[in-house]
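S.K.: dropping a prediction and its sequence here:
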Amino acid sequence: MDDILFQYQVLQNEIEMEVIDDEESALIVAATVLVGTELTRQEHIDSRQMRRQYLCRVQLLPNPQTSTPWQALFASQNDRAFITTMGFDVETFTFILTSGFAKHWYHTPIPRDDISQYANPRVERRSLDAGGALGLVLHYLSSIMHQISLQQIFALIPTTVSRYLSMKCSIRERKDPNQ
């Protein structure tokens, strides 16, 4: 009888081991599928980032109104630097700025699809002051640089650069009531 009991226990242990082995196999398969899915997702993200041709906020200087290459250039007030980068000397830049550009910049909302063109401008939320905006526009108009270079010089994200440059069109197209 002990022999039958012993055989029964051995058989019971084998059945339990098969169940455990099946559970372990299922867990191993599930883990492999999960790891494979995550690796595939990460490869997709990495390949997409290789094609990305713009900068995000974290890759730029923290504040577009301080310590940017544009701020250093503007603070220098050097005619040669202004002419090289924007095509105008300091005096002409200042003339353009004070002859209506600054007023238009501070009194016109940035063009956006979700904002009325007659809305109150939120100047305190802008990344650039009027001088910075004029510098951005003149950099763009007087050079063949890519927008990514403008992003680096002015520490702006792509949408901001695009919106500010589209605003330049509205400034250029605006009719002067004095004419």
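M.R.: It's in.
S.K.: pLDDT of stretch 68-76, averaged?
M.R.: For stretch 68-76, the mean per-residue pLDDT is 90.
S.K.: buried ones in it?
M.R.: Neighbour-count burial for stretch 68-76 flags 68, 70, 71, 73, 74 (criterion: 16 or more other CB atoms under 10 Å). For every residue, glycine as well, the C-beta is placed using N, CA and C.
S.K.: the helices in this protein, which residues?
M.R.: Under the criterion DSSP state H, helices of the chain are mapped to 2-51, 69-76, 79-86, 90-96, 102-107, 130-142, 147-154, 158-173.
S.K.: low-scoring stretches of this protein, by residue?
M.R.: Across the chain, the ranges flagged by pLDDT under 70 are 1-2, 4-23, 26, 29, 31, 48-55, 111-123, 168-179.
S.K.: again, only this time at 90
M.R.: Across the chain, the ranges flagged by pLDDT under 90 are 1-72, 85, 100, 104-130, 133, 137, 139-179.
S.K.: let's have the buried residues of stretch 68-76 in TSV, adding distance to residue 158.
M.R.: Shown next, in TSV, are the buried residues of stretch 68-76 (distance: CB to CB, whole Å):
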residue	distance to residue 158
68	16
70	17
71	20
73	21
74	22
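S.K.: return the member of those residues nearest to residue 44.
M.R.: Among the buried residues of stretch 68-76, residue 68 lies closest to residue 44 (CB to CB), at 33.7 Å.
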